[in-house]
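Participant: just the structure for this:
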Amino acid sequence: MIVQQRRNSKTRGRKRRTHYKLEMPGMTVCSNCGELKLNHRVCGECGYYDGKQVITPVVKDEEDKKEEKKK
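Facilitator: Residues are numbered from 1 along each chain as shown. Take a look at the predicted model:
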């Protein structure tokens, strides 16, 4: 069994943990509609990727949005 030679100080442990952090995902502006989207992915608002329409986005009515907020 391994026996620790010396106790690590609080500072030493905290310095090691400074690299455990979340990074912001790469975001770009959609060239078609101007909304923010993730890099290398289809725009969720307009359905375009690389200047071509890949999917047709589902348009929700205002009433559906209100019902979702109530839930």
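
Participant: ranges for the helices of the protein?
Facilitator: Listed from the start of the chain, the chain has helices (DSSP state H) covering 10-17, 62-70.

Participant: redo these as TSV? Include mean pLDDT and mean neighbour count.
Facilitator: Bear in mind the C-beta positions are built from the backbone N, C-alpha and C, glycine included. Output for these, formatted as TSV (pLDDT from 0 to 100; neighbours: other C-beta atoms under 10 Å):
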stretch	mean pLDDT	mean neighbour count
helix 10-17	94	10
helix 62-70	68	8
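
Participant: residue 36: which of those helices is closest?
Facilitator: Between residue 36 and the helices of the chain, the shortest separation by C-beta to C-beta is 19.7 Å, and it involves helix 62-70.

Participant: residue 26 and residue 39 touch, don't they?
Facilitator: Yes - shown here, residue 26 and residue 39 form a contact pair, counting by C-beta atoms under 8 Å, at 4.2 Å.

Participant: least trustworthy helix or strand in the protein by mean pLDDT?
Facilitator: Between all helices and strands in the chain, the lowest mean by mean pLDDT, DSSP states H and E belongs to helix 62-70, at a mean of 68.
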